[in-house]
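Trainee: Sharing a sequence plus its predicted fold:
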Amino acid sequence: MSFLNNLNGNVLNFPDKLALEFISPPLQSLTYAELDAQVAQTAGYLQSLGTGPGDRIALQLTKSLEFILLHLATVRLGAISLPLNLAYPPDELKYFLDDSGAKLFFALDISKDNIEPILTGLPELKECIFINPTNPELFNGSIRGHEKLAHNHDPSGSSDTAIIVYTSGTTGRPKGAEITHGNLSANLKSLHTAWGWRSEDVLLHVLPIFHVHGLMVAMHGALHAGATTLLMREFDARVALQNLVERDCTVLMAVPTIHRRLLDVPDAKKFDLSHMRLITSGSDRLPDEVFKGFQATFGHTLLERYGMTETGMNCSNPLDGERRIGSIGLPLPGVEVRITDSESGLPLPDGEIGDVQLRGPNVFKGYWRQPEKTAQSFTTDGWLHTGDLGFRESDGYFTLCGRSKDLIISGGLNIYPPEVERVLVEHAAVETCAVIGCPDKEWGEKIVAAVVLEDGQTVTQAELIAFCREQLAAYKAPKSIIFQKELPRNAMGKVQKAALRKKFCQEEI
């Protein structure tokens, strides 16, 4: 059954209740009945464009009502939603459209000049439709008059794919994680229980909605509960605090960078958040000073949790119980977590650090059109390799100790070094390079590149950073370039990134 079937029940139970409200211009709001009607009409519009079950619909739009309607309508139709980060430059974007075989692509009209040149050579793409979210009446005019698709597509099984989210691998090109209807339903039910979601909740939504955290955890979670969601198009710390107080919000989901910015508001202590029942932190490790600072400033203990693109949420500190500093808490209902030895694959006793592996109905179907990568991601007995290292305490709490792969997380967004390295070595002056993440108070981590130049070649730090920004999303570009005569390597010739971090990260803080 579609995860939207629960939304149908909320439409019947709370037809006149506020479902969504954009609190920054253009100001828009919909009750549950109005949301259902507009999703149905948008689904009819997509159907009129020849869209059917299994078709991929790509969305590269701002945080907007148009994005939400197109996403929900796509899933209602039985098609597959493909949310894309606005920061992706044209070359990366073309790869996603080609690899996914997207049939329709909705993009911003202000990006038209950059996007139109990449639309050739995409045999499965039938149409690119440009949207202007600053003028809502334009989209309303597009969907108006189309026959409403009132009922959700009933997938043949919970294994039918609902959403594809691209996640970069540590080698090769990004992979499309197939999130099924069953995955979504299982995770929503689990979080409903663990976090005590209720229809009376008011969520202040401050996250991007192309991301699992903002879309599938926050947005879907509130709709699943029959709650009200207030959406900020752009984050402003003071405005967020004002709305948390003035609109009697009960739930906030954010990343450590946002929590730090809330703490940095000069008179933050004057904002009384005692009425709030749940403030979560995720997508990156919560620094101890932010955890303690939130307690001291707002009298509220942040709830840290652990999730992945491929699984949604896996663990969480308890709603009622100890929210342990530095810990990701306990496995969610229905989710199994184990720690194994990286060599033997055997489970380790409590307290010993090893590979974190997962099993449960929330775990994704596999990588789109990449069966070999999918097979490599699972053990022979069906557990998912997360790539994280951690340990289990005797009372069941889990703690992450790092990543077995060299993933960098900056501002809650994932950056994989090979993607950046591949671009850097394309520069004529660069012989070789290695990209690492160094601690950063504002963003959690920042990207630092150690670069060895070709003999006789010269290039500046600014030129290399600009070169990367031309080919990568801005958040993936290095913040610092360190020129080296050679890179540290082991006997097998492998670059020793741990040695680079030890040498350079203290200098970079």
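Mentor: Right, received. Where do you want to start? Numbers count the residues shown, from 1 in each chain.

Trainee: and the chain, what are its domains?
Mentor: As given by automatic domain parsing, the domain ranges for the chain are 5-234, 302-403, 408-508.

Trainee: Show me the one of those that comes nearest R261.
Mentor: Closest to R261 of these is domain 408-508 (CB to CB; 8.6 Å). All C-beta atoms are positioned from the backbone trio N, CA, C, and that covers glycine.

Trainee: which stretch of helix or strand covers D248?
Mentor: Assigned by DSSP states H and E, D248 falls within no helix or strand.

Trainee: What ranges does the stretch 201-350 of the chain have for its helices?
Mentor: With DSSP state H, counting those that start in this stretch as the criterion, the stretch 201-350 of the chain has helices at 212, 220-225, 237-246, 256-264, 288-298.

Trainee: Could you single out the most deeply buried of those?
Mentor: Highest mean neighbour count among these (mean count of other CB atoms under 10 Å): helix 212, with a mean of 26.

Trainee: hey, where'd the strands end up in the stretch 1-150 of the chain?
Mentor: Taking DSSP state E, counting those that start in this stretch as the test, the strands found in the stretch 1-150 of the chain are 18-22, 28-31, 56-60, 80-83, 104-108, 127-131.

Trainee: So what does the residue of the chain positioned farthest from its centre look like in phi/psi?
Mentor: Most distant residue from the mean C-alpha position of the chain: G456, 42.5 Å away (CA atoms, centre = their mean). Here is the backbone geometry of G456 (degrees, to the nearest 10): phi 80, psi 0.

Trainee: where's it relative to A434, distance?
Mentor: The gap separating G456 from A434 is 22 Å, by CB to CB, to the nearest Å.

Trainee: Next: E419.
Mentor: Distance, E419 to A434, by CB to CB: 13 Å.

Trainee: How about G329?
Mentor: If you go by CB to CB, the gap between G329 and A434 works out to 34 Å.

Trainee: Just confirm R469 is within a helix.
Mentor: Yes: applying DSSP: H, G, I helix; E, B strand; the rest coil, one finds R469 inside a helix.

Trainee: can you give me the helices in the stretch 351-500 of the chain?
Mentor: 371-376, 417-424, 461-471, 497-508.

Trainee: Give me the nearest residue to S316, chain neighbours excluded.
Mentor: Excluding the flanking residues, the one nearest S316 by CB to CB, 6 or more residues apart in numbering is R305, at 3.9 Å.

Trainee: ok, the one you found - contacts?
Mentor: Residues near R305 by CB atoms under 8 Å, 6 or more residues apart in numbering: 280-282, 313, 315-317, 328-329.

Trainee: State the number of residues packed around the closest residue to Q370 other than its chain neighbours.
Mentor: Leaving aside its chain neighbours, Q370 sits nearest to K175 (5.7 Å; criterion: CB to CB, 6+ apart). When neighbours are counted by other CB atoms under 10 Å, K175 registers 23.

Trainee: Check W197 too.
Mentor: 21.

Trainee: In space, what's closest to it - neighbours in sequence excluded?
Mentor: A225 (3.8 Å).

Trainee: Confirm for me that F364 is in contact with T311.
Mentor: Yes: taking contacts as CB atoms under 8 Å, F364 lies within contact range of T311: 6.4 Å.

Trainee: what is in contact with these two at once?
Mentor: N183.

Trainee: Tell me the backbone dihedrals of the spatially most central residue of the chain, please.
Mentor: Note on the chain: the residue nearest the mean C-alpha position is H211, at 2.9 Å, using CA atoms, centre = their mean. The phi and psi values for H211, taken as degrees, to the nearest 10, are phi -100, psi 150.

Trainee: Run through the residues that contact it.
Mentor: 83, 85, 283, 412-413.

Trainee: Would you mind measuring from V39 to H192?
Mentor: In terms of CB to CB, V39 sits 21 Å off from H192.

Trainee: for the stretch 51-200 of the chain, what spans make up the helices?
Mentor: Under DSSP H, counting those that start in this stretch, the stretch 51-200 of the chain gives helices at 65-77, 90-100, 112-115, 136-143, 181-195.

Trainee: Which among those is found nearest to L215?
Mentor: Closest of the helices of the stretch 51-200 of the chain to L215 is helix 65-77, at 7.3 Å (criterion: CB to CB).

Trainee: In PDB, list the C-alpha atoms belonging to the closest one.
Mentor: Output of helix 65-77 as PDB, limited to C-alpha atoms (Å, rounded to 0.1, in the frame of the first residue of the first chain):
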ATOM      1  CA  LEU A  65       4.400  24.300  -2.900                       C
ATOM      2  CA  GLU A  66       5.000  23.300  -6.500                       C
ATOM      3  CA  PHE A  67       7.700  20.900  -5.400                       C
ATOM      4  CA  ILE A  68       5.500  19.400  -2.700                       C
ATOM      5  CA  LEU A  69       2.500  19.000  -5.000                       C
ATOM      6  CA  LEU A  70       4.500  17.400  -7.800                       C
ATOM      7  CA  HIS A  71       6.300  15.100  -5.400                       C
ATOM      8  CA  LEU A  72       3.100  13.800  -3.700                       C
ATOM      9  CA  ALA A  73       1.200  13.600  -7.100                       C
ATOM     10  CA  THR A  74       4.100  11.600  -8.600                       C
ATOM     11  CA  VAL A  75       3.800   9.000  -5.800                       C
ATOM     12  CA  ARG A  76       0.000   9.000  -5.900                       C
ATOM     13  CA  LEU A  77       0.300   8.200  -9.600                       C
END
